[in-house]
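A.B. asks: take this sequence and fold it.
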Amino acid sequence: MDIEAGKTFAEAHCSGCHTLDGRGKTGEIPNLAAQPASYLAEAMRAYRDGSRSHAALKETISGCSDADIENIAGFFSSLPPVFPGTTIVMAQTGKANQQGAEVARKCESCHGERGVSTTPGTPSLAGQQPAYLMISTQEYISGGRGHVGKEGMLTGLGDVDIEKMAMYFAAQAPEQREAPPFGDVAAGEPLTAQCGACHGARGVGSDPMVPNLAGQEPVYLVNAIKAYRSRERGHEDMITDKSDEQVDSIAAWYSVQSASSALETIEPAGEAIAKCDRCHDQAHGESSMVLPVLYGQNHDYLLRVMKEYRDGKRGNSMMHKMSAGYSDQLLEEMAAYYASTPQ
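C.D. replies: All right, here's what the predicted structure looks like:
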């Protein structure tokens, strides 16, 4: 490995985007200083061979031999880590809640203050799974989920607005309800055995795409269950063999169950970062995988790449599986943490 030869190449061909101290010239360009040489070499070979797609990098590396690539990787790897130029403040829950509350006002006239419905037949949104709320809202906007007037009410909301709204409602704790004037709460519990397979114990599940039922408005539950039973709502595995009396009891039992904020069950940024560090933190021992260092990396670059992995736009099935349920807010907190923490 010839580090001086690598430096000469970097000066001539890499300095348009990367400084000679290994820093990306903009937030969307990765820092290369002190990255593992094996990772840098593998990445350059992937760009040269076309298994990674980037037209400019492919052109830059196309004429390089394996020895040239080893030299370039050795040069950038030999540089000391770059320190973040500015401290990026992680997203604050209070600020996110405030922004979400502003969007949620569109919904509270029907669904109640903080999403706690007091209107018979109108569902509560408080404590609901945020991913479920996001998908449902997008379906109302697109017309894929029928509701007269709903599409017009939600016009103008972008994906970021929808996520803020969903996170706001998910953060609210449902209020404890009194038993409704119909159904038998005690008789309803054993009737929910089939429901619990998807909706979880006492109506609070772990699947982000399956709604929580605990503390839900009881008339809404009755109407929804009957719609599934009659196939007015499409779900082939939903209840088909319960009488009206049994449906009333199921709804009554779920409505009086206590529930908390759905965000309490969502993986916090600290836990997600700990998962990443098992492979990416070089201080935790040698890994059999060739991986980049995330600490001190540019914020915008990290955020873009993590979203690409999550959305299946960057080819790594393991990364996609690990991050498939991560919200933009969680990825923002992770990117901010890594970008503001030196190697």
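A.B. asks: now do the SS call for residue 121.
C.D. replies: Here residue 121 is coil, with the state taken from DSSP: H, G, I helix; E, B strand; the rest coil.
A.B. asks: show the pLDDT at the residue nearest to it when sequence neighbours are not counted.
C.D. replies: Excluding its sequence neighbours, the residue lying closest to residue 121 (Cβ to Cβ, 6 or more residues apart in numbering) is residue 219, at 4.7 Å. Backbone N, C-alpha and C define where each C-beta goes, glycine included. Note on residue 219: pLDDT of 97.
A.B. asks: surely residue 219 meets residue 180?
C.D. replies: Yes: the pair formed by residue 219 and residue 180 meets the contact definition of Cβ atoms under 8 Å, at 7.5 Å.
A.B. asks: and residue 18, its phi and psi?
C.D. replies: Phi and psi for residue 18, reported as degrees, to the nearest 10, are phi -120, psi 130.
A.B. asks: in terms of pLDDT, where does it sit?
C.D. replies: Looking at residue 18, the pLDDT reads 93.
A.B. asks: and it, what does it touch?
C.D. replies: 10, 24-25, 29, 32, 76 (Cβ atoms under 8 Å, 6 or more residues apart in numbering).
A.B. asks: test of understanding: give the bridge partners of it.
C.D. replies: In this entry, residue 18 is beta-bridged to residue 24, by DSSP bridges.
A.B. asks: do I have it right that residue 66 meets residue 42?
C.D. replies: No: Residue 66 is not in contact with residue 42 according to Cβ under 8 Å; the separation is 11.1 Å.
A.B. asks: on that earlier part again, shared neighbours of residue 219 and residue 180, anything?
C.D. replies: Residues touching both residue 219 and residue 180 by Cβ under 8 Å, 6+ apart: residue 251.
A.B. asks: hmm, back to that, of the contacts of residue 18 - the most surrounded one?
C.D. replies: residue 32 (27 neighbours; other Cβ atoms under 10 Å).
A.B. asks: need phi/psi at that residue.
C.D. replies: phi -110, psi -20.
A.B. asks: surely it and residue 22 touch.
C.D. replies: Yes: applying Cβ under 8 Å as the test, residue 32 and residue 22 come out as touching, 4.7 Å apart.
A.B. asks: overlap in contacts, these two.
C.D. replies: Here residue 32 and residue 22 share the contacting residues 76, 79, scored by Cβ under 8 Å, 6+ apart.
A.B. asks: more crowded one of residue 66 and residue 42?
C.D. replies: Legend: neighbour count by other Cβ under 10 Å for residue 66 and residue 42, higher for residue 42 (16 against 11).
A.B. asks: for the strand or helix carrying residue 329, packing partners?
C.D. replies: According to DSSP states H and E, residue 329 maps onto helix 328-340. The contact analysis (3 or more Cβ pairs under 8 Å, 6 or more residues apart in numbering; DSSP states H and E) places helix 328-340 against helix 159-171, helix 269-280, helix 299-310.
A.B. asks: now render those helices as JSON lines, adding distance to residue 240.
C.D. replies: Shown next, in JSON lines, are the helices and strands packed on helix 328-340 (distance: least, Cβ to Cβ, whole Å):
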{"stretch": "helix 159-171", "distance to residue 240": "30"}
{"stretch": "helix 269-280", "distance to residue 240": "39"}
{"stretch": "helix 299-310", "distance to residue 240": "36"}
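A.B. asks: looking at these, which is buried most?
C.D. replies: Most buried of the helices and strands packed on helix 328-340 by mean neighbour count (mean count of other Cβ atoms under 10 Å) is helix 159-171; its value is a mean of 22.
A.B. asks: packing partners for it?
C.D. replies: Looks like helix 159-171 contacts helix 93-111, helix 130-142, helix 328-340 (3+ Cβ pairs under 8 Å, 6+ apart).
A.B. asks: that helix: how far from the chain's middle?
C.D. replies: 12 Å (Cα atoms, centre = their mean, to the nearest Å).
A.B. asks: quick one: it to helix 328-340, angle?
C.D. replies: Comparing the axes of helix 159-171 and helix 328-340 via axes from the mean of the first three to the mean of the last three Cα atoms, to 10 degrees yields an angle of 100 degrees.
A.B. asks: any idea of the mean pLDDT in helix 159-171?
C.D. replies: For helix 159-171, the per-residue pLDDT averages 83.
A.B. asks: counting contacts, what elements does the next helix or strand after it pack onto?
C.D. replies: Proceeding C-terminally, helix 159-171 gives way to helix 185-191 as the next helix or strand, assigned by DSSP H and E. Contact here means 3+ Cβ pairs under 8 Å, 6+ apart; on that basis helix 185-191 packs against helix 244-255.
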